[in-house]
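Enquirer: Predicted model, plus sequence, below.
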Amino acid sequence: MNTTIGVRSGALQSTALGYPRIGSRRELKRALESHWSGRSDAAALEAAAAAVRAEMLDDLSVLGTVPTGVFSLYDHVLDAAVAVGALAPRHRRDTALASYFAAARGDAEAAPLEMTKWFDTNYHYLVPEIGPETVFAADPGKAVAEFREARERGLDARPVLVGPVSFLLLAKPSEGAPEGFAPFDRLGDLVEVYVELLTALGRAGAGLVQLDEPALCADRTPEELAAVGAAYRRLVGVAEVVVAGGYGPFGEALPVLLDAGVEGVALDLVRGRGDLEALEALNVSRETFLIAGVVDGRNIWKADLARAAADVARLQMLSDRVAVASSSSLLHVPVDLAPELDAAHGLPEVLTSRLAFARQKLAEIAALADPQGPRDARPATPDAWRDAAVRERLAALGEDADRRAPYPERRGAQAERVPLPPLPTTTIGSFPQTAELRKARAAHRQGLMIDADYHARMRAEVAEVVAAQEALGIDVLVHGEPERNDMVQYFAEQLTGFATTAAGWVQSYGSRCVRPPVLFGDVARTAPITVDWTSYAQSLTDKPVKGMLTGPVTILAWSFVRDDQPLADTADQVALALRDEVADLEAAGTAIIQVDEPALRELLPVRAAGRAAYRAWATRSFRLATSGARPDTAIHTHLCYSEFGEVIDAIAALDADVTSIEASRSKMEVLADLDRARYRSAVGPGVWDIHSPRVPATDEMAAALRLAVAALGPDRVWANPDCGLKTRRYEEVRPSLVNLVEAARTVRAELA
Ligand code: MET
Ligand SMILES: [Zn+2]
């Protein structure tokens, strides 16, 4: 039984692993936010969701087989938790919908599930909580209903579920779970629930079912792989299962899956091309269903159809059942390029002619599956996008261009230039972005406010923020970043080689979407970017004002980056632009410059094999950006979003003078880790969790500072929040900063 409905054996098939689900005009975002604010009921939300699903199916219908179940009201991992009945008891409410949103967003009674980054992407998923006591129960409702929606339109449909292995590996132990318990221990139980889910889908008429196992694109232990084999041997007895990875090669998991007897595998042939050779070396049956992920689901460049077709042909040498597809779900790219083509506001044709968003990628897949379809190789990068000066400058840099004077020397010089008390207080950069500020920025963007008025408005804001910090008694001030819409986009708008889209929205989590800039060519700075703002703030106070830049790794992580050269080369170009900005800030008298790298962890390769190379280029680019600074200029950096374990060495290698880092949730444990990584400079452990509206008490922050002093000694600790304040309101920020300054003074007094 190896043929699916409507598919001739041997003919090339076409499909995608998943699709954007927020709506081409972010309709779902609006519907969700209106529902959450109580302006619309559940029926209105469901109607909007149905319209988004209909649009998804319209788009997907150009494919031979459409994936179903890939819509989500908030997050696909939460959907999987619902499908296996694993909602935490604290999130159970009167209706399924209320329970779902309680888990996603929290409410008066319960905190939401934790949210964390999905592999090496900027998508955030909700972390299921699984304990020995969790009772699993199959709830195939959503999967079956969405499958039926597609079938009712006469489409060949393949239901998609997060697979049991990844579900458990992405989960964390529930609150009361005993020491040593891992959610993965429950695989045997969970597989029985998947048997029920697959059975229900089979009864509804499903043939092939896609189980997403992205966790198999990460390194797995032999024990884990043995458990994977056992789980899949059980599942293939109930349904035709095709396992999808999507985030790199399956590697050693590939033979395990095939030996277990899965019907097929979906290979990421963009980031995981190694699987192609691996497969050729294995003796696969010609009946094995091979999904060739040759169209990049993670980036927005047009596919090289010649190269993609060649890879597909290699798979056709191995099997009679091959489908052309995206390398991962298309969730990570915007829906449609059309809004960018508008001549008045859009991107230049030379750029758009090289881009493909989700809809355009579906057309590429369909074209590749058509034997008569186009097979164009990708055109070379236009010469106009190359900047000879930047390339020459980089080529001329010596091996030690990224070195500064030794830290002890810098430390002395900096203390002399800017004397500070022990436990100096500071903030991370942004101050609250009030409604008036946003309005002014929007009016300016739309041409309704002239430059001069806009600048005056922003300067007034800077003056207020400086005055507020002086009144609070903060030691190192910031200008507050009122002029920045977003910490990456702001720089992208002023550097060559970048373009910003009109409507290239991508879901980051739930209803939140981001619009990543496009880094298409060589990067250079044409004029100072931040100097005027920082200098103006400094002119208003005798206290030192920190300059505020976004680092090269973060700029890359939150953009769509050219894929015609290694990321390392692109990072170095961004670094040089920042290096010039550092020099100009310094020339204008700035003594402290912060270069934020909150995304340092995010780009870390999923598999250990690629990590050393990543750490090397990531830290080199940061150091290139900062090493031009004089020894008496203090370079600060800032990291947030926890889980620094894997990048602790890289943090030390940044060689910053001060690192502010999220630490409150990990109870300051990160400080001991830093010490072990031989980090010797100063740390500003975030003592106020700004992701919560709670005002932290003085005592609580003082206790955190005492822990930090105990771990690092009194001379190496700064007092600061754990991130920027732009999402908070002044009502919370003022009292919290009062307490922060008070906490620092209290602990300072104890040191004397
Ligand atoms: C996500 S990190 C944010 C750092 C930035 N300087 C800010 O305060 O907003
Ligand atoms: Zn931050």
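Expert: Sure thing, it's come through. Ligands and ions are numbered 1, 2, ... in the order given.
Enquirer: starting at the chain centroid, how far to stretch 303-312?
Expert: Remark: stretch 303-312 is offset 28 Å from the chain centroid, using Cα atoms, centre = their mean, to the nearest Å.
Enquirer: same check, this time on stretch 650-662
Expert: With Cα atoms, centre = their mean, you get 21 Å for stretch 650-662.
Enquirer: Just the endpoints, please. Distance across that stretch?
Expert: 16 Å (Cα to Cα, to the nearest Å).
Enquirer: quick one: that stretch near ligand 1?
Expert: No. Between stretch 650-662 and ligand 1, judged by Cβ under 6 Å from any ligand atom, nothing touches; the nearest distance is 9.1 Å. (Each C-beta comes from the backbone N, C-alpha and C, glycine too.)
Enquirer: What residues sit buried inside that stretch?
Expert: 650-662 (16 or more other Cβ atoms under 10 Å).
Enquirer: any idea how far H444 is from E483?
Expert: Noted for H444: a distance of 10 Å to E483, by Cβ to Cβ, to the nearest Å.
Enquirer: Those residues of this protein touching ligand 1, which are they?
Expert: 428-430, 481, 487, 548, 596, 598, 638, 640, 723-724, 726.
Enquirer: Show me which helix or strand of this protein is least confident by mean pLDDT.
Expert: Every helix and strand of the chain was ranked by mean pLDDT, DSSP states H and E. The lowest is helix 669-676, at a mean of 87.
Enquirer: can you tell me which residues contact P721?
Expert: By Cβ atoms under 8 Å, 6 or more residues apart in numbering, the contact set of P721 is T427, I428, G686, V687, W688, I690, S736, L740.
Enquirer: Where does A86 sit: helix, strand or coil?
Expert: coil (DSSP: H, G, I helix; E, B strand; the rest coil).
Enquirer: measure it to K439 for me?
Expert: Taken as Cβ to Cβ, the span from A86 to K439 is 43 Å.
Enquirer: again with H636
Expert: On the measure of Cβ to Cβ, H636 and K439 end up 31 Å apart.
Enquirer: So if I had to pick from the two, which one is more boxed in?
Expert: Shown here are H636 and K439; by other Cβ atoms under 10 Å, H636 has more neighbours (27 against 13).
Enquirer: dump the residue contacts of the closest residue to the more buried one other than its chain neighbours.
Expert: Leaving aside its chain neighbours, H636 sits nearest to Q594 (3.9 Å; criterion: Cβ to Cβ, 6 or more residues apart in numbering). Residues in contact with Q594, defined by Cβ under 8 Å, 6+ apart, are I428, G429, K546, G547, M548, L549, I635, H636, T637, H638, S660.
Enquirer: now those in TSV, with distance to ligand 2 and secondary structure?
Expert: Shown next, in TSV, are those (distance: Cβ to the ion, whole Å; DSSP: H, G, I helix; E, B strand; the rest coil):
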residue	distance to ligand 2	secondary structure
I428	6	coil
G429	8	coil
K546	14	strand
G547	17	strand
M548	12	strand
L549	14	strand
I635	17	strand
H636	12	strand
T637	11	strand
H638	6	strand
S660	8	strand
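Enquirer: pLDDT and distance to W301 for those - can I get that in TSV?
Expert: Listed next are the contacts of Q594 as TSV, based on pLDDT from 0 to 100; distance: Cβ to Cβ, whole Å:
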residue	pLDDT	distance to W301
I428	98	34
G429	98	32
K546	98	37
G547	98	34
M548	98	31
L549	98	27
I635	98	34
H636	98	35
T637	98	31
H638	97	31
S660	96	35
